[in-house]
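Colleague: Just a sequence and a predicted model for now, questions to come.
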Amino acid sequence: MRVIIEPDYATMSRWAAAYVVHSIRQFNPTKDRPFVMGLPTGSTPIGMYQNLIKLHKAGKISFAHVVTFNMDEYVGLTKDHPQSYHAFMWDNLFSHIDIPKHNVHILNGMAKDLWAECDQYEQSIQRFGGIELFVGGIGPDGHLAFNEPGSSLASRTRVKTLNESTVIANARFFDGDLSRVPRTALTVGVGTVMDARQVMILANGSGKARAVAAGIEEGVNHMWTVSCVQMHPHAIFVCDDDATLELKVGTVQYFKSIEKDNLDPDKMLIG
Ligand code: GLP
């Protein structure tokens, strides 16, 4: 596992965006061989998305041959509901880049048969040959997508009941009104994320520090589902200093020293 520790949110967001651009360029996608990405919502990836938009507008990257699969979606919100993850993704990324509409995949939380929707999503990922790079945020309790504590580490895309702490954490997007936060969601499974060729986890702020420590220093444990990435052959945590506050000083120093030559996001954008 790589752990990239940047001083603040702005730099970690630039690093994550540069890594995405670098990965797409290296893959050199075409219409018949697109670059397939998994994408998160939440406040954490907004900085990365803003940087991707900037890089796209500066002519540094095209998304014409990029296919995306989002991690999750609330059950019961229409696509145009302002708090749906559909609306979030179009507002914060897709409307500002050259991705073709049919390349975007987001679970439909209004589907008549939610379980069939989840099965079809998995099949659709398979049809594209699997995901090259899955980018994820984490909840304060270490949840990945909506894989709440106790989720099977072998889980696939499915319907999931949200726990109280996630409902409380996400109430900020619903004017703090707990009663408006949906109680169920559709989410890719831990196994779905683990099948990706690379996984990049973003975490900023002290609110994520316990989850980051559990994910990096403790054992693989279904109570902190993000810890699954310890078993992944190509996983990267991208953190700001505050998110590392619960890591041992030695752990922070270790990763800072082995990654010291890799911390400048601009280096990845050369060429
Ligand atoms: C929700 C999403 C997760 C996301 C988490 C953290 O629960 N389902 O995918 O990682 O929120 O959100 P934030 O980045 O706003 O802290």
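Modeller: Arrived safely, thanks for sending.
Colleague: My understanding was that residue 229 contacts residue 2; is that so?
Modeller: No. Counting by CB atoms under 8 Å, residue 229 does not reach residue 2; the two are 10.4 Å apart. No exception for glycine: its C-beta is placed from N, CA and C like everyone else's.
Colleague: Report the set of residues contacting both of the two.
Modeller: Listed contacts common to residue 229 and residue 2 are 235, 237; contacts here mean CB atoms under 8 Å, 6 or more residues apart in numbering.
Colleague: higher neighbour count, those two?
Modeller: Set side by side, residue 229 and residue 2 show more neighbours around residue 229, with 24 against 13, by other CB atoms under 10 Å.
Colleague: Could you verify that the more buried one is part of a strand?
Modeller: No. Under DSSP: H, G, I helix; E, B strand; the rest coil, residue 229 falls outside any strand and is assigned helix.
Colleague: Could you find the closest non-adjacent residue to it?
Modeller: residue 235 (3.9 Å; CB to CB, 6 or more residues apart in numbering).
Colleague: List the buried residues for stretch 202-221?
Modeller: By 16 or more other CB atoms under 10 Å, the buried positions in stretch 202-221 come out as 202-205, 208-216, 221.
Colleague: Tell me the residues of this protein that contact the ligand?
Modeller: Counting by CB under 6 Å from any ligand atom, the residues of the chain lying close to the ligand are 40-44, 71-72, 137-139, 145-146, 166, 170.
Colleague: neighbours of residue 249, just the number please.
Modeller: 8.
Colleague: Need the pLDDT of it.
Modeller: You'll see residue 249 listed with a pLDDT of 98.
Colleague: Then the one 10 residues further on?
Modeller: Turning to residue 259, the model gives it a pLDDT of 97.
Colleague: Could you do residue 271 as well?
Modeller: Reported pLDDT for residue 271: 66.
Colleague: where do the helices sit along this structure?
Modeller: 9-27, 46-57, 85-92, 114-127, 164-170, 190-194, 209-216, 249-258, 265-268 (DSSP state H).
Colleague: Can you name every helix or strand that the fourth one contacts?
Modeller: Yep, that's helix 114-127 we're talking about. Judged by 3 or more CB pairs under 8 Å, 6 or more residues apart in numbering; DSSP states H and E, helix 114-127 is in contact with strand 66-70, strand 158-161, strand 184-187.
Colleague: quick one: contacts of the last one?
Modeller: To tie it back to what came earlier, the one meant is strand 184-187. 71-76, 107-109, 114, 117-118, 121, 145-147, 157-162.
Colleague: Buried subset of those, written for ChimeraX?
Modeller: Applying 16+ other CB under 10 Å to the contacts of strand 184-187, the buried members can be selected in ChimeraX as follows:
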select :71,72,73,74,75,107,108,109,114,117,118,121,145,146,147,157,158,159,160,162
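Colleague: filter the residues of the chain next to the ligand to the buried ones?
Modeller: Buried among those (16+ other CB under 10 Å): 40-42, 44, 71-72, 137-139, 145-146, 166, 170.
Colleague: Now flag whichever of those is closest to residue 196.
Modeller: residue 71 (11.1 Å; CB to CB).
Colleague: What distance do you get for that closest one to residue 128?
Modeller: Separation of residue 71 from residue 128 (CB to CB, to the nearest Å): 16 Å.
Colleague: same check, this time on residue 161
Modeller: In terms of CB to CB, residue 161 sits 29 Å off from residue 128.
Colleague: Can you list the low-confidence ranges for the stretch 151-271 of the chain?
Modeller: 271 (pLDDT under 70).
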